[in-house]
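Chemist: make a model of this:
(2 chains)
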Amino acid sequence: GAGVSQSPRYKVAKRGQDVALRCDPISGHVSLFWYQQALGQGPEFLTYFQNEAQLDKSGLPSDRFFAERPEGSVSTLKIQRTQQEDSAVYLCASSLGGTSSNQPQHFGDGTRLSIL
Amino acid sequence: DAKTTQPTSMDCAEGRAANLPCNHSTISGNEYVYWYRQIHSQGPQYIIHGLKNNETNEMASLIITEDRKSSTLILPHATLRDTAVYYCIVKDWLGSSNTGKLIFGQGTTLQVKP
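Modeler: Residues are numbered from 1 along each chain as shown, chains lettered A, B, ... in the order given. Prediction:
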């Protein structure tokens, strides 16, 4: 069956440019998470949506990072005025239930962002 | 910070069982134990999860001690394709302490050798 799909798979941008990363969750999944994974490290939480509501954005590293999920399905993570430290793999995950659920999260293969 | 500790690396011979330990001594009653693995250049893959009873699925078995302070993931017949980083994570299913985010540690790098 269709899993979580992320695009683009790779993105190269110059420092200062804006980028947009897309996530298509599994159909019908209520929860959507974004994580950032630096080289050699485990993923780190960025933000969480339950349907269209952004319930937790405590992991966003700065106000240059913005995420949205306007119709409760597809989500976009936008990074403005990119900097070299933004280089990482950005992972999206979705799960069937909301916050009070033991349903597992299912991950996409991520977008590898390189800032030159 | 992650609430689990795992060995940094382990080796396993192909065809043998791989037993990956995890300590979670501060686990609370509302927290499940989840296992994920991450193969190079891919996203984390869900393997199995449990609360207090042992669990088995087509990928693996999860053994949780009676006091729930530790667990072991068992891959019964490891293959070369099981070489990956394995993450043990505890998560509050009620969502009372967070919004269900996963907190990853460093994981265990399992190397399956021919």
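Chemist: how about the strands in the chain?
Modeler: You didn't pick a chain, so chain A it is. Along chain A, the stretches classed as strands by DSSP state E are A:5-7, A:10-13, A:19-24, A:31-37, A:44-50, A:53-56, A:65-68, A:75-79, A:88-95, A:106-107, A:111-115.
Chemist: actually it's chain B I care about, not the one you picked
Modeler: With DSSP E, the ranges of strands along chain B come out as B:9-13, B:18-23, B:31-38, B:45-50, B:55-56, B:61-64, B:70-75, B:84-92, B:108-113.
Chemist: bridging residues for the most centrally placed residue in chain A?
Modeler: Computing the C-alpha centroid of chain A and ranking residues by CA atoms, centre = their mean puts A:Trp34 first, at 3.1 Å. For A:Trp34, the beta-bridge partners are A:Thr47, A:Cys92 (DSSP bridges).
Chemist: hmm, back to that, so which of the strands of chain B gets nearest B:Asp1?
Modeler: Proximity of the strands of chain B to B:Asp1 was assessed by CB to CB; the nearest stretch is strand B:84-92, lying at 11.7 Å. For every residue, glycine as well, the C-beta is placed using N, CA and C.
Chemist: how about the residues of chain B near chain A?
Modeler: B:2, B:32, B:34, B:36, B:41-46, B:49, B:51, B:87, B:93-95, B:98-107 (CB under 8 Å from any CB of the partner chain).
Chemist: where does pLDDT dip in chain B?
Modeler: Chain B contains residues with pLDDT under 70 at B:94-98.
Chemist: what does chain A put close to chain B?
Modeler: Counting by CB under 8 Å from any CB, chain A sits next to chain B at A:4, A:31, A:33, A:35, A:41-45, A:48, A:50, A:55-56, A:59, A:91, A:93, A:95, A:98-102, A:104-110.
Chemist: make a PyMOL selection of the buried ones in those residues.
Modeler: The PyMOL command for the buried members of the residues of chain A next to chain B (criterion: 16 or more other CB atoms under 10 Å in any protein chain shown) is given here:
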select buried, chain A and resi 4+31+33+35+42+43+44+45+48+50+55+56+59+91+93+95+99+102+104+105+106+107+108+109+110
